[in-house]
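Trainee: from the sequence below, what's the structure:
(one chain, ligands or ions: 1)
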Amino acid sequence: MIEVQSIRKSYGPIVALDDVSFSVADGEIVGLLGPNGAGKTTMIKILTGYLQPDEGSVAIDGIDVLTQTQAAQARIGYLPENAPAYPELSVQAYLKLIADLRQVPANEQRERISAAVYAVDLEDRLTQPIGTLSKGYRQRVGLAQAILHRPRLLILDEPSVGLDPTQIVEIRHLIRRLSEFSTILFSTHILPEVEALCNRVLILMNGQVKADANLAELAGASDAILMLDKAVGSAVDTLKALPGVHHVEPVTGDNGRAGFRISGPPETDLCPAIFQLAARHQWPVRELRSDRQTLERVFSKLAA
Ligand code: ATP
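Mentor: This next block holds a predicted model:
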């Protein structure tokens with residue numbers, strides 16, 4: 001559905017995107033996660049044809065966004081970071097305007113507007129001026145305009161920014177519902193949002209894709225934590241030599257105790273083998289447990 005190759009974009013001396021490549025398959029819900037200034041909005045504006053990259057190519061559903069912008073845009077529903085506000089228009093009048101702009105045939109407009117309004121639960125606000133709606137309801141209007149032309153791809157720029165916790169939960173439900181009909185890519189810097197909604201996450205930092213992870217695989221991965229009562233000189237090398245161990249990272253526990261975070265392949269519990277190793281070497285073991293890999297840990301490792 002999305003094919004991005006070697007995108008570069010600078011604003012004067014600021015490099016916003018530096019050789020970004022990724023693809024998104026039909027039906028995926030992908031979170032584009034990154035700290036402020038990582039390049040998420042720039043990437044989304046390029047994907048939706050509102051900004052030209054300096055280099056690279058983007059295709060949506062096989063259509064080149066740079067050369068066939070309008071045809072590509074017809075396949076995309078886009079919720080920008082700051083949804084355009086027409087405060088004086090009623091919800092209904094605004095959606096009619098969007099239907100005209102999207103060239104929805106006149107005889108289909110009524111049905112399309114009803115379907116979009118139903119999908120985002122806005123039926124009881126149709127005659128209300130947009131300027132008098134709460135932020136959560138304005139986001140729903142933004143989502144309704146994004147789905148009006150029944151796009152196969154929805155691109156949402158920080159859909160829950162500025163919402164209160166109740167509204168965030170509601171928008172999450174809506175996004176999940178909309179994912180039954182469309183592939184979804186949305187940007188966020190909220191980790192739990194990605195964990196709650198996505199099956200895949202792309203982590204963007206300093207304009208580069210630093211990680212592309214499947215959430216189910218991430219949840220299946222766990223490290224072993226081994227804490228010792230006192231340091232043992234050769235422990236790191238001995239642990240590294242254990243079959244299946246990929247990485248050993250020293251950690252410091254309570255009271256300055258020496259310890260290690262030991263990583264192996266996904267779906268593997270290294271604890272029994274570490275237990276036997278420690279017993280063989282008579283290490284003063286204080287604690288041995290497995291610790292599930294979390295998106296937060298992946299994110300902080302990359303940010304470090
Ligand atoms: P946020 O989460 O804060 O919205 P972001 O990940 O969406 O950030 P971008 O808005 O894409 O990041 O910005 C990436 C970099 O490009 C930042 O350093 C930003 O200051 C810079 N930038 C973005 N737009 C412009 C512009 N129009 N002119 C100059 N610099 C810009």
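
Trainee: which residue does the stretch 101-250 of the chain have closest to the ligand?
Mentor: Across the stretch 101-250 of the chain, the shortest distance to the ligand (C-beta to the nearest ligand atom) belongs to His189, at 5.4 Å. Placement of C-beta: from N, CA and C, glycine included.

Trainee: burial of that residue, as a residue count?
Mentor: By the criterion of other C-beta atoms under 10 Å, His189 has 16 neighbours.

Trainee: ok, it - contacts?
Mentor: For His189, the contacting residues are Leu33, Gly34, Pro35, Asn36, Ala38, Lys40, Glu158, by C-beta atoms under 8 Å, 6 or more residues apart in numbering.

Trainee: got those as CSV, with neighbour count columns?
Mentor: Output for these, formatted as CSV (neighbours: other C-beta atoms under 10 Å):
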residue, neighbour count
Leu33, 28
Gly34, 26
Pro35, 14
Asn36, 6
Ala38, 22
Lys40, 24
Glu158, 20
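
Trainee: any idea which helix or strand comes after the helix or strand of the chain with the lowest mean pLDDT?
Mentor: Of all helical and strand segments in the chain, the minimum by mean pLDDT, DSSP states H and E falls on helix 215-220, at a mean of 72. Of the helices and strands lying after helix 215-220 in sequence (DSSP states H and E), the nearest is strand 222-228.

Trainee: which elements pack onto that following strand?
Mentor: Packing contacts for strand 222-228, counted by 3 or more C-beta pairs under 8 Å, 6 or more residues apart in numbering; DSSP states H and E, involve strand 258-263, helix 271-280, strand 285-292.

Trainee: ok, residues contacting it?
Mentor: So strand 222-228 is contacted by 235, 239, 251, 253, 257-264, 269-271, 274, 278, 283-293 (C-beta under 8 Å, 6+ apart).

Trainee: quick one: the helices in the stretch 101-250 of the chain?
Mentor: Taking DSSP state H, counting those that start in this stretch to define them, one finds helices in the stretch 101-250 of the chain at 106-119, 135-147, 165-178, 191-197, 215-220, 235-240.

Trainee: mind checking how far the nearest residue to Thr127 once chain neighbours are set aside is from the ligand?
Mentor: Excluding the flanking residues, the one nearest Thr127 by C-beta to C-beta, 6 or more residues apart in numbering is Ser90, at 5.2 Å. Using C-beta to the nearest ligand atom, to the nearest Å, one gets 30 Å for the distance from Ser90 to the ligand.

Trainee: Ser90 against Leu133, yeah?
Mentor: No: with contact defined as C-beta atoms under 8 Å, Ser90 does not reach Leu133; the gap is 10.1 Å.

Trainee: quick one: contacts for Asp54?
Mentor: So Asp54 contacts Arg8, Lys9, Ser10 (C-beta under 8 Å, 6+ apart).

Trainee: of the residues you listed - the most surrounded one?
Mentor: Busiest of these [other C-beta under 10 Å] is Lys9, holding 22 neighbours.

Trainee: tell me which helix or strand comes right after the helix or strand that contains Ala59.
Mentor: Using DSSP H and E, Ala59 maps to strand 55-60. Later in the chain than strand 55-60, the nearest helix or strand by DSSP H and E is strand 63-64.

Trainee: and the contacts of that next one?
Mentor: The contact list for strand 63-64, computed with C-beta under 8 Å, 6+ apart, reads Ser57, Val58, Ala71, Ala72, Arg75.

Trainee: report how many residues lie close to Arg172.
Mentor: Residues lying near Arg172 (other C-beta under 10 Å) number 17.

Trainee: so it sits right up against Ala196, yeah?
Mentor: Yes: counting by C-beta under 8 Å, Ala196 is a contact partner of Arg172 at 5.8 Å.

Trainee: got any ranges where the stretch 151-300 of the chain has weak pLDDT?
Mentor: Across the stretch 151-300 of the chain, the ranges flagged by pLDDT under 70 are 219-220.

Trainee: in the stretch 1-150 of the chain, what spans have low per-residue confidence?
Mentor: In the stretch 1-150 of the chain, residues with pLDDT under 70: 83-84.

Trainee: again, only this time at 90
Mentor: Within the stretch 1-150 of the chain, the segments meeting pLDDT under 90 span 35, 80-86, 102-103, 119-121, 134-137, 139, 149-150.

Trainee: ok so, going back, for the residue nearest to Thr127, which residues are in contact?
Mentor: Taking C-beta under 8 Å, 6+ apart as the criterion, Ser90 is in contact with Leu126, Thr127, Gln128, Pro129, Ile130.

Trainee: counting neighbours, which of these comes out on top?
Mentor: Neighbour-wise, the contacts of Ser90 (other C-beta under 10 Å) top out at Ile130, 21 neighbours.
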